[in-house]
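Asker: Please work out how this folds:
(one chain, ligands or ions: 1)
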Amino acid sequence: MKKVIIRKTEEIENWRRNINNDINFIPTMGNLHNGHIKLISTAKNDNSNVNLVSIFINPLQFDNKLDLENYPKTIDNDIKISFSNGADAIFIPSNEDIYPPNNKNIKFLKAPIELSSALCGLNRIGHFDGVCTVVYRLLSLIKPKNLYLGEKDWQQLLILKNLVLRKKLNVAIKSIPTQRDFDGIPLSSRNVNLSKKERQLIRFFSSELLEAKKIFQQEKKINLNEIIKKLSAKKISIEYLEHLHPYTLQKVRLEDNISLLAGAIRCGETRLIDHVFLMKRRPIIAIDGPAGSGKSTVTKLIAKKLKLLYLDTGAMYRALSWLLIKESIDYKKEKKLQDILKDISIVFKSNTNSKQDVYINNYCVTEEIRSQKISSIVSKISSINKVRKFLVKEQRKIGESGGLVAEGRDIGTTVFPHAELKIFLTASIDERAKRRKSDKSSKDSQEIDLNTLKELIKKRDFEDSNREISPLRKANDAIEIITDGYSINEVVDKIIDLYNEKIPKETEIK
Ligand code: PAF
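Answerer: Residues are numbered from 1 along each chain as shown. Sure, this is the predicted structure:
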């Protein structure tokens, strides 16, 4: 494909019509550094879309004239860097192109108050309105499939995600983690303006944030005053340093697993921002849904792709049911049940086929728990209060340090109510019966005719949804996905996209 530089808005429309491909869009204000390079190359490696980089210093987002004048301009070098790192086209519009005078079609947008009044919005009045206006204008011209942004400007990222939702724009936002220089300071176009001494100060600031993250990992708390004291002792001028909820930018709550420690400092004329995410545990994905919705297959694939632990809670209920049958224990007799629960250990172990086996009291039951006999009693057994209490406790133990995707019927509502992403996976009864019929791993299902399977599924749904404790229910904050007509890979990709949208990429960095 011929690499092109486009300067006029009319040209961009022509170019878009002719390329016959989806677009990855990487908006920049130039003076490109390794952070931008990472954005361009990530977009290149993600898919076979056409990569368009824009270079436009947006006057509307500068609250200070001097800052705008001093903003580094390195256009020739930017063109070289963009093309040599995967850009197929570069859009370099003029001010008049983006904001034609007397053009009534230009929408001057306002960023939402809740997100723009905190952090950088406190002192940079109108900055985020300017960002929303220019990005909306660029998106309307370019109509990309994907928009690539850095997590370094986390508040900007949140505001732009909100813009996409608010304006119902058909674009997916992909983010990359903050890229840091050799000395730990975040890469920023403004770094070139730093004197050696100023660079030392920002280095101290960033290292304090990274240190706070390390301490938080062990102690699960931070001492903001202590950090402020240390920074002040170095005569660092702090604009703000806040510990907030990462998505709402409101005060962090006790139950929040991921929080944001963000600060801005001034070094001479230059203002620099940095942040870290603090996590009590690694993220958890909860996938609930009725039998046959495709939960197991989807959850296993997600665990593999995101390198998360796979917690099959249904297998735990099945394993226990298996043991009760095997030992002929009358589960209706409380005392008997209580006695057996005292000595039960259920563990998952990876086998040589990189699959997971389930063991109850050191005996592998992976295959045996899938029989129709177990299927027919597991719902009853899992509705016993003592059983649920016991297994929920075991499941929480497994999930203590997070980093897992759990599937079941009460994961989002009971087991991990603070999971970062909750999915309610479902499908019509017809679809679920068809799937079970063609499930090669379920011998019994193949022997049963389709209508009987439908009846069995209906019965199971009824029992699961109407039991007293932890009934099958969609959590208020769960996202429902109806899988009829979708391939397994489509569902997996959708959930991974939702995870990536929700969980900052930076949290993956140790
Ligand atoms: O992050 C930036 O460089 C700018 O705010 C952006 C998104 C290119 C809009 O001008």
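Asker: can you list contacts of the longest helix along the chain?
Answerer: The longest helix of the chain (DSSP state H) is helix 196-219. Residues from elsewhere that reach helix 196-219, judged by Cβ atoms under 8 Å, 6 or more residues apart in numbering: 180, 183-186, 191, 194, 222, 227, 230-231, 234, 236, 261, 263, 265, 267-268, 270, 272, 274-279. Bear in mind the C-beta positions are built from the backbone N, C-alpha and C, glycine included.
Asker: got the contact list for the closest residue to the ligand within the stretch 351-500 of the chain?
Answerer: Residue nearest to the ligand within the stretch 351-500 of the chain (Cβ to the nearest ligand atom): N500, separated by 18.9 Å. By Cβ under 8 Å, 6+ apart, the residues touching N500 are 174-175.
Asker: pretty sure it belongs to a strand, no?
Answerer: No. Counting by DSSP: H, G, I helix; E, B strand; the rest coil, one finds N500 to be helix, located in no strand.
Asker: separation between it and I360?
Answerer: Noted for N500: a distance of 36 Å to I360, by Cβ to Cβ, to the nearest Å.
Asker: Can you list the buried residues in stretch 167-183?
Answerer: 169, 171, 173-181 (16 or more other Cβ atoms under 10 Å).
Asker: from these, which two are the most distant?
Answerer: L169 and D181 (33.1 Å; Cβ to Cβ).
Asker: Report the residue spans of the stretch 401-510 of the chain with pLDDT below the cut-off.
Answerer: 440-446, 509-510 (pLDDT under 70).
Asker: Okay, angle between whichever helix or strand comes after the longest helix of the chain and helix 196-219 too, please.
Answerer: Tracing the chain C-terminally past helix 196-219 and defining elements by DSSP states H and E, one meets helix 224-233 next. Going by axes from the mean of the first three to the mean of the last three Cα atoms, to 10 degrees, helix 224-233 is angled at 160 degrees with respect to helix 196-219.
Asker: list the helices and strands helix 224-233 packs on?
Answerer: The contact analysis (3 or more Cβ pairs under 8 Å, 6 or more residues apart in numbering; DSSP states H and E) places helix 224-233 against helix 196-219, strand 237-244.
Asker: Keep only the contacts of helix 196-219 that also lie close to the ligand.
Answerer: Among those, not one lies near the ligand by Cβ under 6 Å from any ligand atom.
Asker: how close does the residue of the stretch 351-500 of the chain closest to the ligand get to N146?
Answerer: 11 Å.
Asker: anything in contact with each of these two?
Answerer: Common neighbours of N500 and N146 (Cβ under 8 Å, 6+ apart) are K174.
Asker: Which single residue in the stretch 151-300 of the chain comes nearest to the ligand?
Answerer: Counting by Cβ to the nearest ligand atom, the stretch 151-300 of the chain gets nearest the ligand through D153, at 5.2 Å.
Asker: now check stretch 94-102, is it near the ligand?
Answerer: No. Between stretch 94-102 and the ligand, judged by Cβ under 6 Å from any ligand atom, nothing touches; the nearest distance is 9.8 Å.
Asker: quick one, phi psi at D129?
Answerer: phi -60, psi -40 (degrees, to the nearest 10).
Asker: now I285, what's its secondary structure?
Answerer: I285 is classified as strand under three-state DSSP.
Asker: Kindly state the beta-bridge partners for S54.
Answerer: S54 forms beta bridges with P27, F91, as assigned by DSSP bridges.
Asker: I'd say it and L138 touch.
Answerer: Yes. With contact defined as Cβ atoms under 8 Å, S54 counts as touching L138 (5.9 Å).
Asker: Give me the common contacts of the two.
Answerer: Joint contacts of S54 and L138 (Cβ under 8 Å, 6+ apart) are 25, 27, 91.
Asker: got a list of what the last one touches?
Answerer: This points to F91. Counted by Cβ under 8 Å, 6+ apart, F91 has contacts 6-7, 12, 52-56, 138, 142.
Asker: if we go to 6 Å?
Answerer: The contact partners of F91, by Cβ atoms under 6 Å, 6 or more residues apart in numbering, come to 6, 12, 54.
Asker: How about the first one?
Answerer: F25 is in contact with 52, 142, 144, 147, counting by Cβ under 6 Å, 6+ apart.
Asker: now, which of these sits nearest the ligand?
Answerer: L147 (9.1 Å).
Asker: I believe that closest one is in a strand; please confirm or correct that.
Answerer: Yes. Counting by three-state DSSP, one finds L147 located in a strand.
Asker: does K422 sit in a helix, a strand or a coil?
Answerer: strand.
Asker: same deal with E400?
Answerer: With three-state DSSP as the criterion, E400 reads coil.
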